[in-house]
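>>> structural data only, the sequence is not supplied:
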């Protein structure tokens, strides 16, 4: 079976340090003021002193049913067999339909290249046998990356063991990023 | 964030006079352009340095168009993570964690990743300069290295001849070159050494030193099961490897209890968050110790074999019941009792973390002693899941270059060590006292100050006072990489190469020796700290104390005891030394044991065991002003980093939602924050995540130097608000003993920025 890449976010392990963002900016030469990935805060829930908060790392969800692909008039955006939603800069005319269509606001307009740019899962790094830059540097260990088709991969194991969710399921986009919201029990283990 | 203006203004030529604000704010920078690389050719103006030798990756025909990986050590905080720099055609494109380095474990935090923007900061100091107008006028003249170094040394020598060497103050902050900085000050003969430590963690390091003989023990996270953090916010005050280990510990179900008046990100990961009242964590730990001793939950064997003074502790703890503590720390007695029992049930895999500053009161030294003793009661020293002896000073013993003995120092220190602060180590000092001595002229008048990569104007409390002290100096010299706030008031500025452009002495980590080496050629006419110090030493007749021609001579001497090939070290970035098998339980204290009762404390007339010390509290209508870190910044050094400022562009004032409502303050609204010593205008972050009696400002913001075009005008300085309150035992500045009023900004008050 071919590979199908995806992310599992262990939300409890995200400390909102944003190392992932800086690593991505450097790795992918993202222009100042733009970003391909992010961390959003969910909370604070409750009132002092009974509080909780979660931090959700995100980037392009590399949807199986990607609205950006279906609205693209030139075929610049496509869903690859390995799970990556890719943008062909040569075909992109900068019409921004995809930016409007994406419910996750995952794309930005590149001011110099004049194309709609976004996360590529660092496919150039995958080709070298490395993980995406955001995953490699993740200090809290929240970002997990791997082959969803491989039952022995860490992402597959985590998804089998824990309840998980996707963002905006009502949009029917079938994202390739899964969120595990569970907190560890005492003596238990998130792995 | 202020917008950067990018109109072209030519770089001043040698000898040319220019204005600080105008020059720096209009400088243009194009990443990787030929123009930038061309300036490197002029680097170090003829003074011999070794930066080109043994270099593996400078742009050459061989590496043209290829990306080269160069191992080095990060310096965007003090944790010293191993990093791999990726360089293409002489341009740094990426920094990653070195998997071989125990401090980074293959990862870098946001600051480490943003090191590229340190190198390519548009506002970097590019050449030496001498003041060309009144101090603070902003008029400067570009000079050669020869002239700048001669000028600096002549002034230092003049002060020495006229007033004695002690009239020269020298200060520097935790960095790899610091031993050679100490060399300069010791050889020069001044006792007046300023470090950051009294503004930082003196209370912890001194308390643990006098209890265990080790300043900063580690934690065996892999086997630990229960950790209590007190004001230690590892998720935001990132110590890379330790933060990683904490999250691994938490994710496998280890129990974390956090005492903090704020719901920090660390607190949000905890099983239990205790929003303790500031300054009363001491009461909590006295009561926990009380329960453990009264209920005999401690490790009797460890106490008998390895400690002294248990009986005195037992006696002193009698009155500190959980009920007594609850009245003070606002954590109920039942919770204190339950946590004490739970914690003890996990021993020895239970650690009360040594923390950093705890609640940052004058009584924090006592708090840290109580914490150190709680660990001793658990008998966790060197046991699986307990405290580990590996502190920051550990590692293999390095070789050194031969040098003459230092001259005897006769004058007392301006900072009162040891005549006013008998327990503070000379190497730590009490820097805020130096500032005060400059103002009072007692015990004598300091005349000159050499500041090495430090920013006293931003870090010492009561900024207004510090500014007066600096302005009154006869001579102020600054060595730095950025035109920082203190540099603005200097007479001469010596620009250092960034950590990505220079060699530094070896940094051991665990049983490995790591190397910091240049990953690109210096972009500008800058030098390494090692060479600047040597050149100053030479001009002061102290050449024998700097027996090296270039930086690599030091490194070669350091690695001489080991069988290392220098070129291989350069290529690999580290060398692994065989681990020693010495696991004997011995403590570097006076008694050779863990000192529950400290004979040293008794020798200066203090109780030998921790006792309650009532912290001050804010009067009606005022708040505790808390300070702390955000994960995207390091002290006062990163507020001009383009990437980090994009993530965290300023420091809002955290204020409790219910309190804000009562005061009529809305989220993001401008507020006036005023203490006894200063006033700032900040923006409110109205939040549930802080106690109603506290407000919080992250440290590092509110720069005065207009040359920091990204950092200037961003956020406010809490040094402008902080009062000076020094603990007489540890010399530690009690940063949280400043109380403030907060009110919405009225229209008649001038909007924007800081008024102190």
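Yep, that arrived. Not measured: the values here are computed from a predicted model.

>>> contact partners for whichever residue of the stretch 551-700 of chain B sits closest to chain A?
Chain A sits closest to residue B:631 of the stretch 551-700 of chain B, with a gap of 3.9 Å, by CB to the nearest CB. Quick note: C-beta positions are derived from backbone N, CA and C, even for glycine. Applying CB atoms under 8 Å, 6 or more residues apart in numbering or on different chains to residue B:631 gives the contacts A:15-18, B:109-111, B:235-238, B:265.

>>> same thing but 6 Å
By CB atoms under 6 Å, 6 or more residues apart in numbering or on different chains, the contact list for residue B:631 reads A:17, B:236, B:238.

>>> contact residues of the stretch 251-400 of chain B facing chain A?
Residues of the stretch 251-400 of chain B lying close to chain A (CB under 6 Å from any CB of the partner chain) are B:251-253, B:255, B:263, B:265, B:268, B:275.

>>> same question, the stretch 501-650 of chain B
Residues of the stretch 501-650 of chain B lying near chain A (CB under 6 Å from any CB): B:631, B:643, B:647.

>>> again, 8 Å this time
Within the stretch 501-650 of chain B, the residues that sit near chain A (CB under 8 Å from any CB of the partner chain) are B:631-632, B:642-644, B:646-647.

>>> let's have these in JSON lines, adding distance to residue B:543 and pLDDT.
Shown next, in JSON lines, are these (distance: CB to CB, whole Å; pLDDT from 0 to 100):
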{"residue": "B:631", "distance to residue B:543": "44", "pLDDT": "98"}
{"residue": "B:632", "distance to residue B:543": "43", "pLDDT": "98"}
{"residue": "B:642", "distance to residue B:543": "41", "pLDDT": "96"}
{"residue": "B:643", "distance to residue B:543": "42", "pLDDT": "98"}
{"residue": "B:644", "distance to residue B:543": "40", "pLDDT": "98"}
{"residue": "B:646", "distance to residue B:543": "46", "pLDDT": "97"}
{"residue": "B:647", "distance to residue B:543": "46", "pLDDT": "98"}
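
>>> need these in a markdown table (columns: secondary structure).
Shown next, in a markdown table, are those (DSSP: H, G, I helix; E, B strand; the rest coil):
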| residue | secondary structure |
| --- | --- |
| B:631 | coil |
| B:632 | coil |
| B:642 | helix |
| B:643 | helix |
| B:644 | helix |
| B:646 | helix |
| B:647 | helix |
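
>>> now for the residues you listed: which two are most distant?
Within these, B:631 and B:642 form the most distant pair, 16.9 Å apart (CB to CB).

>>> show me where chain A has strands.
A:5-10, A:37-47, A:50-59, A:77-79, A:85-87, A:108-109, A:116-117, A:143-147, A:177-180 (DSSP state E).

>>> which stretch among the ones you listed comes nearest residue B:372?
Of the strands of chain A, nearest to residue B:372 by CB to CB is strand A:50-59, at 30.5 Å.

>>> what lines up beside the closest one in the sheet?
Strand A:50-59 has its sheet partners listed here by DSSP bridges as strand A:37-47 (antiparallel).

>>> please tell me how far stretch A:34-51 is from the chain's geometric centre.
17 Å (CA atoms, centre = their mean, to the nearest Å).

>>> ok, residue 21 - contacts?
Went with chain A since none was named. Listed by CB under 8 Å, 6+ apart, the contact partners of residue A:21 are A:35, A:37-39, A:134, B:110, B:647.

>>> right idea, wrong chain: chain B
Contact analysis of residue B:21 by CB under 8 Å, 6+ apart lists B:138, B:706-707.

>>> tell me the pLDDT of it.
Looking at residue B:21, its pLDDT stands at 78.

>>> what is the burial count for residue B:134?
When neighbours are counted by other CB atoms under 10 Å in any protein chain shown, residue B:134 registers 9.

>>> tell me the contacts of residue B:194?
Counting by CB under 8 Å, 6+ apart, residue B:194 makes contact with B:169-172, B:415, B:429, B:431, B:434, B:454, B:456.

>>> among these, name the buried ones.
B:169-172, B:415, B:429, B:431, B:434, B:454, B:456 (16 or more other CB atoms under 10 Å in any protein chain shown).

>>> which one of these is nearest chain A?
residue B:454 (25.5 Å).

>>> wait, the closest one touches residue B:485, no?
No - Residue B:454 lies out of contact with residue B:485 (CB atoms under 8 Å); the separation is 10.9 Å.

>>> any low-confidence regions in the chain?
Just going to use chain A. Filtered on pLDDT under 70, chain A yields no residues whatsoever.

>>> actually it's chain B I care about, not the one you picked
Applying pLDDT under 70 to chain B flags residues B:1-9, B:22-61, B:391-394, B:580-584, B:747-756.

>>> domain assignment for it?
B:202-391+B:585-603, B:623-744 (automatic domain parsing).

>>> TSV for those, including distance to residue A:181?
Output for those, formatted as TSV (distance: least, CB to CB, whole Å):
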stretch	distance to residue A:181
domain B:202-391+B:585-603	13
domain B:623-744	20
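
>>> among those domains, which comes closest to residue A:43?
Across the domains of chain B, closest to residue A:43 is domain B:202-391+B:585-603 (CB to CB), at 8.1 Å.

>>> need the distance between the two termini of stretch A:71-83.
End-to-end distance for stretch A:71-83, by CA to CA, to the nearest Å: 18 Å.

>>> what comes into contact with that stretch?
With CB under 8 Å, 6+ apart as the criterion, stretch A:71-83 contacts A:2-6, A:62-64, A:66, A:68-69, A:85-93, A:95, A:97-98, A:100-101, A:115-116, A:121, A:148, A:176.

>>> from these, list just the buried residues.
A:3-6, A:62-64, A:66, A:68-69, A:85-87, A:92, A:97-98, A:101, A:115-116, A:121, A:148, A:176.

>>> wasn't residue B:575 part of a strand?
Yes - the assignment for residue B:575 by three-state DSSP puts it in a strand.

>>> so residue B:381 touches residue B:375, yeah?
Yes - if you go by CB under 8 Å, residue B:381 and residue B:375 touch, sitting 7.0 Å apart.

>>> quick check: neighbours shared by those two?
Counting by CB under 8 Å, 6+ apart, the residues touching both residue B:381 and residue B:375 are residue B:387.

>>> quick one: which of the two has more around it?
residue B:375 (25 against 22).

>>> just the buried positions in the longest helix along chain B, please.
When chain B is scanned for its longest helix (criterion: DSSP state H), the result is helix B:145-163. Counting neighbours by 16+ other CB under 10 Å, one finds that the buried residues in helix B:145-163 are B:145, B:147-149, B:151-153, B:155-157, B:159-160, B:163.

>>> swap in stretch A:122-131?
A:122, A:125-126, A:131.

>>> helices or strands next to the helix or strand hosting residue B:741 in the packing?
Element membership for residue B:741 (DSSP states H and E) is strand B:739-744. For strand B:739-744, the packing partners by 3 or more CB pairs under 8 Å, 6 or more residues apart in numbering or on different chains; DSSP states H and E come out as strand B:623-628, helix B:657-663, strand B:670-674.

>>> neighbours of residue B:614, how many?
11.

>>> mind checking what secondary structure it has?
Quick answer, by three-state DSSP: residue B:614 is coil.

>>> please name the residues that touch it.
By CB under 8 Å, 6+ apart, the neighbours of residue B:614 are residue B:363.

>>> state the distance from it to residue B:279.
Separation of residue B:614 from residue B:279 (CB to CB, to the nearest Å): 9 Å.

>>> what do those two both touch?
By the contact definition CB under 8 Å, 6+ apart, residue B:614 and residue B:279 are jointly contacted by residue B:363.

>>> against which helices or strands is the lengthiest strand in chain B packed?
Using DSSP E to define each element, chain B has its longest strand at strand B:679-687. If you count contacts as 3+ CB pairs under 8 Å, 6+ apart, strand B:679-687 packs onto strand B:653-656, helix B:657-663, strand B:670-674.
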